[in-house]
Structure formats: C-alpha cells, structure tokens
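Enquirer: the following block contains a protein sequence and its predicted model.
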Amino acid sequence: MTRIAGMCAVILAAGESTRMGRDKALLPWPPISATAAASGGTLLSAAIASLAPFTELVIVVVGKNEDAIAPVAYANGASLVSNPAPERGQFSSLQVGLHEVLNRGRDSAMVTLVDRPPVSTEAIEALVVQFTGQFVLPPAARKWAVVPEFGGKHGHPILIARELIEAFLKAPPTASARDIRRQHEDRIQYVTVDDPRTCTNVNTPEDYARLSS
C-alpha cells in the first residue's frame, strides 16, 4: 500500500440519518444477517480502517451526533471536527473537513461518506496510483481530483488535490460538490474500478438489509 504524503482522509458523518431511523455511522459492519452475530464493527470504524493505510490521518466530520460518534472515532485512531450547522447540508460538512485538512498542514484529501460501505483495497490502490501519477506531470497538466467510476456512475472515495480543495472552500455553503467539479471538469480524472460499493448508498433500512442478504 502507498501512503500519500500530505493527505488526510475525510469521512462525512454529520447527517441526521432521518431515513434510516438511527445513526448510519453506527450501523454494524459487516451487516448482521439472520445467521451471523455482530462483529463489533460499524460503518464508521470500517471506513476509518479502509482509508487509514493510505493517508497520514483520518478526520471525521460530525454534527449533533458528536457524543455518539466520538468513542468509535477515537477508538479507531481518528480525529473529530464538528460542523456547527450541519443543517446547512453535506457541502458545508465537506468545507469544514477540508478546512481542517489545511489546518493540519496537509494539502490533499481522500473524501468519503459514512453511509457508503467500505470499498476494496484494490479499488483504493487504483485511485492512489492515478493520483500519485499526477506528481510527475507539469502543474498545467495535472488533474485536481481522481474519482472512481463503476457501471457508468461516479462514487467515493474521491481524492482531491490542493487546487480543488481551494475551489471547494471558496464556494458558498449553498453550492454542491458536484457543481464545483463540473466547473473544473477538465481537471477531473475518472477511474473505472471493479467495485460496486464505490457507488452504493445506505440510506434506508431496506438498503442496509440488502447488504446482508
């Protein structure tokens, strides 16, 4: 595995999980089926474990759920940063997380959502190879982000260079990450990976149940 110097993992976990009915970050992982007992892991701990080997540190963005999330994050070696107004939406949490990346003296980020099942090591390695390959190119030719693609859909984790971090931070909180990426489409590299989890959302109890079937 290649640990990228100057890169932080950022896990967005400040949502209220209203459709799930309980905090998605704390859902058992692997999923509990009728024939399997809980392993003690959660979606959050699994996300931390999947990203930590490739990054210098892991930052979890929390909101009103900070008290519930903190024990899991700290037990798995991650740091917390709180979004003071998570009701502003997911983009505001992204901005909070990226501010913390820069505050920690790092200049790139590997961003994912806590409601995505952890993707395979092979998929992350494919993204890392493409991202680190930009370092040997002249600045004018470098991509600002590497995004996984499966079945024609774009997913997570997304690897973001300093230039795109700054573009995200300059945008108003009412913007969206997708809008900012589209503004810089020529600076985005999409990488086909063989892992459907890069594009799998876990928003409802039914979504979670399908993962254990």
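Expert: Arrived safely.
Enquirer: alpha carbons only for contacts and neighbour counts from here, please
Expert: Will do.
Enquirer: contacting residues around the lowest-mean-pLDDT helix or strand in the chain?
Expert: When each helix and strand of the chain is scored by mean pLDDT, DSSP states H and E, helix 205-211 comes last, with a mean of 89. The contact list for helix 205-211, computed with Cα atoms under 8 Å, 6 or more residues apart in numbering, reads 19-21, 31, 201-202.
Enquirer: just the buried residues of those residues.
Expert: 20, 31, 202 (16 or more other Cα atoms under 10 Å).
Enquirer: and the second one, what does it touch?
Expert: To tie it back to what came earlier, the one meant is P31. By Cα under 8 Å, 6+ apart, the neighbours of P31 are 38, 208-209, 211-212.
Enquirer: ok, the residues you listed vs V60, which is closest?
Expert: Y208 (21.4 Å; Cα to Cα).
Enquirer: low-confidence stretches in this protein?
Expert: Within the chain, the stretches with pLDDT under 70 are 1, 33-39, 213.
Enquirer: can you do 80?
Expert: 1, 32-40, 212-213 (pLDDT under 80).
Enquirer: where do the helices sit along it?
Expert: 43-51, 66-75, 90-103, 121-132, 162-170, 177-183, 205-211 (DSSP state H).
Enquirer: please produce JSON lines containing those helices, extended by distance to K153.
Expert: Output for these, formatted as JSON lines (distance: least, Cα to Cα, whole Å):
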{"stretch": "helix 43-51", "distance to K153": "20"}
{"stretch": "helix 66-75", "distance to K153": "29"}
{"stretch": "helix 90-103", "distance to K153": "19"}
{"stretch": "helix 121-132", "distance to K153": "15"}
{"stretch": "helix 162-170", "distance to K153": "21"}
{"stretch": "helix 177-183", "distance to K153": "13"}
{"stretch": "helix 205-211", "distance to K153": "18"}
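Enquirer: turn those into TSV, including distance to S82 and mean neighbour count.
Expert: Formatted as TSV, the helices of the chain follow (distance: least, Cα to Cα, whole Å; neighbours: other Cα atoms under 10 Å):
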stretch	distance to S82	mean neighbour count
helix 43-51	16	23
helix 66-75	7	15
helix 90-103	8	22
helix 121-132	26	18
helix 162-170	16	17
helix 177-183	19	13
helix 205-211	26	14
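Enquirer: sorry, back to before: CA atoms only: put the least confident helix or strand of the chain into CSV for me.
Expert: This file holds the C-alpha atoms of helix 205-211, laid out as CSV (Å, rounded to 0.1, in the frame of the first residue of the first chain):
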residue,chain,number,x,y,z
PRO,A,205,-33.3,0.1,6.5
GLU,A,206,-34.1,-1.6,3.2
ASP,A,207,-30.7,-0.5,1.7
TYR,A,208,-28.9,-2.0,4.7
ALA,A,209,-30.9,-5.2,4.6
ARG,A,210,-29.9,-5.8,1.0
LEU,A,211,-26.2,-5.7,2.0
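Enquirer: gap between stretch 138-150 and the chain center?
Expert: 17 Å (Cα atoms, centre = their mean, to the nearest Å).
Enquirer: tell me the buried residues in that stretch?
Expert: Going by 16+ other Cα under 10 Å, stretch 138-150 has these buried residues: 142-150.
Enquirer: so which of the helices of the chain comes closest to L12?
Expert: Of the helices of the chain, nearest to L12 by Cα to Cα is helix 90-103, at 6.5 Å.
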